Structures are given as structure tokens and as C-alpha cells.
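1. what follows is a predicted structure for the sequence shown.
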Amino acid sequence: MADEPSTPSGDYRPREQAEGTERVREVIRDGFYTMLGAASWAFEKTDEMANTWLRQGRASGDENRRRFDQLTARTRRAGEDLGRRVQDSVRTARSSMPLASREQVANLERQVAELTRQIESLKSGGSAMPPRPPVP
């Protein structure tokens with residue numbers, strides 16, 4: 001787009017980068033809320049089940065503890081699996097985004113500093129130095 005600054009090769013698009021960064025944030029936030037909700041639901045249901053068993057006299061405290069531990073282990077495994085899926089989604093989202101490398105950003109910063117110096121030189125009436133070729 002004409003409004004967006006770019007490197008001579010035209011590969012830097014801040015708007016796309018910002019949109020990509022926001023998408024990663026959304027994926028991470030959604031994954032976190034999903035994991036938090038699943039863990040909360042699992043612990044709530046476990047408490048309900050333990051209380052029901054105790055009220056009905058179907059299980060002793062030790063039996064409830066064993067069942068609780070089993071459910072906790074299953075919940076933990078499910079949470080870890082969900083966490084891996086969220087990480088994979090984030091990794092996939094990041095790999096499809098056009099992100100600038102540190103070197104590209106540093107190169108752009110050097111170019112901006114040089115152009116700023118040339119503009120200030122022109123404003124003060126001095127002759128501008130010929131532009132340096134970009135550093136790869």
C-alpha cells in the first residue's frame with residue numbers, strides 16, 4: 001500500500017505485522033482461557049462427585065481420595081494435551097506471519113537515522129551527504 005513504509009525490497013509491512021501480532025495474542029489468550037475453564041470445570045465436577053459419593057455412602061474417604069487422584073491425573077494429562085495443541089496453533093500462526101528479523105529492524109533504524117540526519121542538514125542549509133547504500 002502507498003501509505004505503508006517499506007524497505008527497498010518492499011518486504012516490511014507494519015500493519016500486517018501488527019495484525020499478526022494481535023492474532024498471536026488472541027490465540028494465546030483463547031488457549032489460556034480454554035485451559036483455565038477446563039481445569040476449573042474438572043475440579044468443580046470432582047468436588048461434586050466426591051460429595052455425592054460421601055452422601056450416598058458409596059465410598060469411604062480413601063476411595064474418594066483414590067478417585068479424585070485418578071480424575072486429577074486424567075485432567076492434568078488432558079490439560080497438557082490442550083497446552084501442546086495451543087502451542088502448536090501459536091507456532092503455526094507465527095510461522096505464517098510476515099515478521100521482521102532483528103537485523104531487518106536494525107537496518108531500518110539505521111536508514112531512518114541517516115535520513116533524519118540528511119533532512120536536518122538540508123533544513124539547516126548545509127549540503128546533504130550523498131545517501132549511503134543500505135547495509136545488508
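-> Thanks, I have the structure now. Numbering: from 1, shown residues only.
2. for the chain, just list every one of the helices.
-> 14-56, 61-95, 102-123 (DSSP state H).
3. out of the ones you listed, which gets the lowest mean score?
-> Ranked by mean pLDDT, the helices of the chain bottom out at helix 14-56, with a mean of 78.
4. mark out where each domain of this protein begins and ends.
-> Domains of the chain are assigned by automatic domain parsing as 14-99, 101-136.
5. pick the most buried one from those domains.
-> Most buried of the domains of the chain, by mean neighbour count (mean count of other CB atoms under 10 Å): domain 14-99, with a mean of 13. C-betas here are computed from N, CA, C, even on glycine.
6. isn't residue 35 right up against residue 80?
-> No. Using CB atoms under 8 Å, residue 35 makes no contact with residue 80, being 9.6 Å away.
7. residues contacting the closest residue to residue 24 other than its chain neighbours?
-> Leaving aside its sequence neighbours, residue 24 sits nearest to residue 93 (CB to CB, 6 or more residues apart in numbering; 5.5 Å). Residue 93 makes contacts with 20, 23, 24, 27, as judged by CB atoms under 8 Å, 6 or more residues apart in numbering.
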